[in-house]
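1. sequence first, then the predicted structure:
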Amino acid sequence: MQKSFIFIKIYNFLRAYSIKNRVLELHTSPYGASMTALYMNDKSHVTRNLIYGYSNGEKYKGNPFFMGATCGRFAGRIADHGFELKGQRYILDSDGPVHLHGGGASLAFKPWTLKEIHHGEEPYIIYTIHSAHLEGGYPGNLEIEAQYTLKGNSLLIHYRGKTDRTTHLNLTNHNYYNLNGGGSIVDHKIKVTADKLLETDSLKVPTGKFTDLQATPYDLRKDIRLGDVLKHISLDHVYAFSKGHRRAKIFSQETGISMTLTTNQPGVVIFTPADLGEEQFRNITPAAFPAICLEPQNFPDAPNQTHFPSSVLEPGDVYSNSITLDFDLI
């Protein structure tokens with residue numbers, strides 16, 4: 001068996017930390033604890049980068065697309081730029097019409113600290129960050145860890161968080177997946193174990209209501225070609241997983257690579273951008289609908305929707321978001 005080992009490279013004066021096992025090779029950046037590349041051989045033994053990553057490592061300092069980044073303190077949108085918690089109103093830092101992914105103080109834009117990197121049969125990388133009380137408008141001093149582990153043909157993502165006072169926390173990873181290594185995802189097939197969508201308003205903030213997917217173009221419960229979906233609708237929606245089933249799967253017939261995502265989170269944001277602008281990437285040149293984002297998380301606007309799963313984190317408790325990506329050749 002080939003031994004795992006560590007790559008440490010310099011991209012535009014930014015240190016990048018990487019791990020590898022016999023199946024997968026993961027590259028990361030301390031900015032946003034971001035994943036910058038994920039390599040795997042396809043059915044023809046051609047190496048493919050399964051997530052988009054900027055060619056210029058400096059881009060992760062600002063990261064206009066949140067590419068590969070850890071989003072928070074609260075992933076997704078929060079209405080009215082804030083929430084009330086224990087009788088106090090907290091106004092959040094927002095750089096647009098709604099608070100998105102933590103606003104201008106998002107953890108996606110900040111330098112994280114490398115805590116540990118390990119190589120061996122199950123290599124892993126752990127990043128940590130401290131977020132001070134009222135940073136971005138959120139209460140509580142937070143200590144957060146992001147751990148990426150390679151285990152056989154799987155990538156395990158685990159976010160942990162602790163606070164010294166009551167707060168809200170909701171983290172996610174924002175990879176842009178393309179199992180061809182670039183180009184378009186219109187020929188990918190997708191299947192998601194979700195029978196409801198969160199209804200949203202004109203700003204894409206949840207209204208608190210749910211929409212049944214039966215007999216709608218948003219129904220992804222059976223294997224369906226993404227291009228057949230995208231010719232009718234665009235996807236930037238929160239899917240509520242069915243009870244006991246929290247899974248999403250994508251598959252590329254071109255490469256034979258499939259990816260199955262499982263999580264402990266109640267929902268997943270599915271986003272299929274029409275393009276990625278004029279950026280340069282460590283991938284095959286993007287085409288129309290170049291990627292799909294699968295962002296497992298608690299429901300957006302949970303701080304303002306009491307019937308949503310709670311996003312409250314209390315002192316003494318540990319926040320946990322576990323995401324497993326299983327890759328196979330079919």
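-> That came through, no problem.
2. C-alpha from now on. contacts and neighbour counts both.
-> OK.
3. contacts for stretch 307-327 next, please.
-> The contact list for stretch 307-327 (C-alpha atoms under 8 Å, 6 or more residues apart in numbering) reads 153-172, 208, 257-266, 296-299, 302-303.
4. quick check: the residue of the chain positioned farthest from its centre vs Thr166, distance?
-> What lies farthest from the middle of the chain is Gly87; by C-alpha atoms, centre = their mean that is 31.6 Å. Between Gly87 and Thr166 the distance is 12 Å, computed by C-alpha to C-alpha, to the nearest Å.
5. now swap in Leu329 and tell me
-> Distance from Leu329 to Thr166, by C-alpha to C-alpha: 45 Å.
6. same check, this time on His158
-> 22 Å.
7. and Leu329 and Thr166? Which one has more around it.
-> Thr166 (19 against 15; other C-alpha atoms under 10 Å).
8. tell me the contacts of the more buried one?
-> By C-alpha under 8 Å, 6+ apart, Thr166 lies in contact with Pro139, Gly140, Val312, Leu313, Glu314, Pro315.
9. residues near the second one, how many?
-> This points to Gly140. Quick note: Gly140 (other C-alpha under 10 Å) scores 21 neighbours.
10. how many other residues sit next to the residue nearest to it when sequence neighbours are not counted?
-> Nearest in space to Gly140, with sequence neighbours left out and distances taken as C-alpha to C-alpha, 6 or more residues apart in numbering, is His133 at 4.4 Å. His133: 16 surrounding residues under other C-alpha under 10 Å.
11. against Thr163, how distant is His133?
-> His133 is 9 Å from Thr163, by C-alpha to C-alpha.
12. which residues do the two both contact?
-> Jointly contacting His133 and Thr163 under the rule C-alpha under 8 Å, 6+ apart are Gly140, Asn141, Leu142.
13. so Ile126 sits in a strand?
-> Yes: counting by DSSP: H, G, I helix; E, B strand; the rest coil, one finds Ile126 located in a strand.
14. that one and Leu156 touch, don't they?
-> No: contact between Ile126 and Leu156 fails when scored by C-alpha atoms under 8 Å: they sit 11.7 Å apart.
15. anything in contact with each of the two?
-> Listed as contacting both Ile126 and Leu156 by C-alpha under 8 Å, 6+ apart are Gln147, Tyr148.
16. any idea what the residue nearest the centre of the chain is bridged to?
-> Nearest residue to the geometric centre of the chain (C-alpha atoms, centre = their mean): Asn173, 2.2 Å. Beta bridges link Asn173 to Thr70, judged by DSSP bridges.
17. got the contact list for it?
-> Per C-alpha under 8 Å, 6+ apart, neighbours of Asn173: Gly68, Ala69, Thr70, Cys71, Glu295, Pro296.
18. counting neighbours, which of these comes out on top?
-> Busiest of the contacts of Asn173 [other C-alpha under 10 Å] is Pro296, holding 31 neighbours.
19. so who does that one touch?
-> Residues near Pro296 by C-alpha under 8 Å, 6+ apart: Thr172, Asn173, Thr263, Gln265, Pro266, Gly267, Val268, Val269, Ile323.
20. neighbours around the first one, how many?
-> Spelled out, it's Thr172. Neighbour tally, Thr172, other C-alpha under 10 Å: 29.
21. one step back: dump the shared contacts of His133 and Thr163 into a markdown table; add pLDDT as well.
-> Supplementary listing: the shared contacts of His133 and Thr163 in a markdown table, determined by pLDDT from 0 to 100:
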| residue | pLDDT |
| --- | --- |
| Gly140 | 98 |
| Asn141 | 98 |
| Leu142 | 98 |
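22. return the subset of those lying in strands.
-> Residues of the shared contacts of His133 and Thr163 located in strands (DSSP state E): Leu142.
23. what about the stretch 151-300 of the chain, any weak spots by pLDDT?
-> Low-confidence segments of the stretch 151-300 of the chain (pLDDT under 70): none present.
24. now do the helices in it.
-> 226-230 (DSSP state H, counting those that start in this stretch).
25. can you show me the strands along it?
-> Ranges of strands within the stretch 151-300 of the chain are 154-163, 167-168, 172-173, 189-192, 194-200, 206-212, 224-225, 236-241, 247-251, 257-263, 267-271, 293-297, based on DSSP state E, counting those that start in this stretch.
26. nearest to Ser94, of these?
-> Proximity to Ser94, assessed across the strands of the stretch 151-300 of the chain by C-alpha to C-alpha, is greatest for strand 167-168 (16.1 Å).
27. what is that closest one packed up against?
-> The contact analysis (3 or more C-alpha pairs under 8 Å, 6 or more residues apart in numbering; DSSP states H and E) places strand 167-168 against strand 312-313.
28. again, only this time at 10 Å
-> In terms of contacts (3 or more C-alpha pairs under 10 Å, 6 or more residues apart in numbering; DSSP states H and E), strand 167-168 is packed against strand 82-85, strand 312-313.
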